[in-house]
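A.B. asks: need a structure here:
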Amino acid sequence: MKYPFFLQLRRRQVGVGLIEVLVTLLILSTALLALGAMQNRSLQFNQSAYMRSQANIFAYDILDRMRVNLTNIASYHSALAGPASSSVTSPLAAVDLNAWRTNIDRVLPEGKGGVSCVMATSICTVTITWKELNSSDEKTEDESEFIYSARL
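C.D. replies: This next block holds a predicted model:
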């Protein structure tokens with residue numbers, strides 16, 4: 001019995017479809033792994049951008065607090081440090097700095113803040129540092145620093 005042409009081709013290619021499926025699965029699984037790695041990196045970059053955005057907000061916060069108390073601007077000059085261990089009740093500059101540093105410490109991992117002002121030019125520089133988080137929310141050795149200067 002003679003088979004038509006298309007059935008003869010089909011009989012000769014038995015098993016080829018299985019190899020094609022395996023190669024497709026290999027390519028697809030590699031692509032999905034790469035996609036997962038890209039998603040992980042994207043989340044890390046978004047977290048880093050969030051931290052930098054928060055640092056920017058905190059810099060504006062302390063500068064606004066300083067603008068309210070311009071007569072005592074020299075009292076805001078401080079080294080890079082975390083929040084005070086005990087609550088500060090006076091003067092206003094000390095209260096502002098402690099509240100500001102407490103907020104930084106709550107939001108940024110191991111966050112610290114400092115302010116330095118040049119009285120002759122009325123330019124103040126705000127410095128905020130924190131530890132970056134890796135993909136498993138563990139602190140790394142990388143310390144990020146945000147510096148912002150403004151004339152008051």
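A.B. asks: Can you tell me how far the closest residue in space to A74 that isn't next to it in sequence is from L18?
C.D. replies: With Cβ to Cβ, 6 or more residues apart in numbering as the criterion, A74 has its nearest non-adjacent residue at 6.5 Å, and that residue is M119. Every residue, glycine included, has its C-beta placed from N, CA and C. Taking Cβ to Cβ, to the nearest Å as the criterion, M119 is separated from L18 by 80 Å.
A.B. asks: Could you confirm I19 falls within a strand?
C.D. replies: No - inclusion of I19 in a strand is not indicated when DSSP: H, G, I helix; E, B strand; the rest coil is applied; the result is helix.
A.B. asks: Which pLDDT value goes with it?
C.D. replies: Model confidence at I19, expressed as pLDDT, equals 84.
A.B. asks: and the gap between it and S29?
C.D. replies: In this structure, I19 and S29 are separated by 16 Å, where distance is defined by Cβ to Cβ.
A.B. asks: Where do the helices of the protein begin and end?
C.D. replies: Secondary structure of the chain by DSSP state H: the helices cover 5-12, 16-68, 92-107.
A.B. asks: residue ranges with poor pLDDT in this structure?
C.D. replies: Where the chain drops to pLDDT under 70, the residues are 1-16, 86-89, 134-141.
A.B. asks: neighbours around the residue nearest to A74, how many?
C.D. replies: Other residues within reach of M119 by the criterion other Cβ atoms under 10 Å amount to 10.
A.B. asks: Please verify my assumption that it contacts Y76.
C.D. replies: No - contact criterion Cβ atoms under 8 Å: M119 and Y76 do not qualify, at 11.2 Å.
A.B. asks: in the chain, which strand has the most residues?
C.D. replies: Of all the segments of type strand in the chain, defined by DSSP state E, the longest one is strand 139-151.
A.B. asks: Bridged to the closest residue to T121 other than its chain neighbours, which residues?
C.D. replies: Spatial nearest neighbour of T121, chain neighbours left out: R151 (7.2 Å); criterion: Cβ to Cβ, 6+ apart. On DSSP bridges, the residues paired with R151 through beta bridges are I123.
A.B. asks: neighbours around R151, how many?
C.D. replies: Other residues near R151 number 9, with proximity taken as other Cβ under 10 Å.
A.B. asks: residues touching it, list them.
C.D. replies: Remark: with contacts taken as Cβ atoms under 8 Å, 6 or more residues apart in numbering, R151 is in contact with T121, S122, I123, C124.
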